[in-house]
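Undergrad: Pasting a predicted model and its sequence here:
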Amino acid sequence: MFTLIFSGLALIAVLIHLTLMKKPRTAGTVLEILLLYLFFFNMGFGGLLAFYGHTARAAETALSIGWQPGSPFQFEVAVANLAFGVLGILCLWMRGNFWWAAAVGGGVFGLGAAYGHIRDMILAQNFAPNNAGLILWYGDIFLPLLLLLLLATYSRMKD
């Protein structure tokens, strides 16, 4: 649910930014602004929220994924989410190859998590909401692929 909220916030920020900007709105600048806010809200705030969930609400988060609470590996997942959250926030100020590093790293993490969730669905019949639901299909698969696709398009437009 939060992934959709963050996407909504990103789109609202894009509309506000485009409304207030003084320079001409080209396809490249619109795409750059869209990427900026997707990184900032979805990767940035999404990563920070996931860190919070896996630490401050670890037991509830584990159960919502279909995991046993108390695994020390959950803290490692939390710190990985924190790292990508920080990268997403930094995308507000850092551009160029930094965006590629954030998108590729986030894509590897998200698609790797998706593989683990799908594997758990098949092998353990784990269809818990945060294993087989919106987080999997939208957060772990769609958004990382969207960021990579938009970034590739944006990079081609700049060249």
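TA: Structure's in. What do you need? Quick caveat: nothing in here was measured; it's all calculated off a predicted structure.
Undergrad: So which elements touch the helix or strand hosting Gly106?
TA: Assigned by DSSP states H and E, Gly106 falls within helix 97-124. Packed against helix 97-124 by the contact rule (3 or more C-beta pairs under 8 Å, 6 or more residues apart in numbering; DSSP states H and E) you find helix 73-90, helix 129-132, helix 143-158. Backbone N, C-alpha and C define where each C-beta goes, glycine included.
Undergrad: Show me the shaky parts of this protein.
TA: Across the chain, the ranges flagged by pLDDT under 70 are 159.
Undergrad: Chain neighbours aside, what residue packs nearest to the spatially most central residue of it?
TA: What sits nearest the mean C-alpha location of the chain, by C-alpha atoms, centre = their mean, is Met43, with 3.6 Å. Setting aside the residues directly before and after it, Met43 is nearest to Gly88 in space (C-beta to C-beta, 6 or more residues apart in numbering), at 3.0 Å.
Undergrad: Tell me who's in contact with the one you found.
TA: 39-47, 102, 106 (C-beta atoms under 8 Å, 6 or more residues apart in numbering).
Undergrad: Throw these into TSV and include distance to Gln68, thanks.
TA: Converted to TSV, the contacts of Gly88 look like this (distance: C-beta to C-beta, whole Å):
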residue	distance to Gln68
Phe39	33
Phe40	34
Phe41	31
Asn42	28
Met43	28
Gly44	29
Phe45	28
Gly46	24
Gly47	24
Ala102	31
Gly106	27
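Undergrad: In helices only, show me the residues you listed.
TA: Applying DSSP state H to the contacts of Gly88, the entries found in helices are 46-47, 102, 106.
Undergrad: which one of these is nearest Leu134?
TA: Set against Leu134, the nearest of these by C-beta to C-beta is Gly46 (12.1 Å).
Undergrad: Identify the residues contacting the closest residue to that closest one other than its chain neighbours.
TA: Nearest non-adjacent residue to Gly46, counting by C-beta to C-beta, 6+ apart: Phe6, 5.3 Å away. By C-beta under 8 Å, 6+ apart, the contact set of Phe6 is 41-42, 45-46.
Undergrad: distance of Phe6 from Leu48?
TA: 10 Å (C-beta to C-beta, to the nearest Å).
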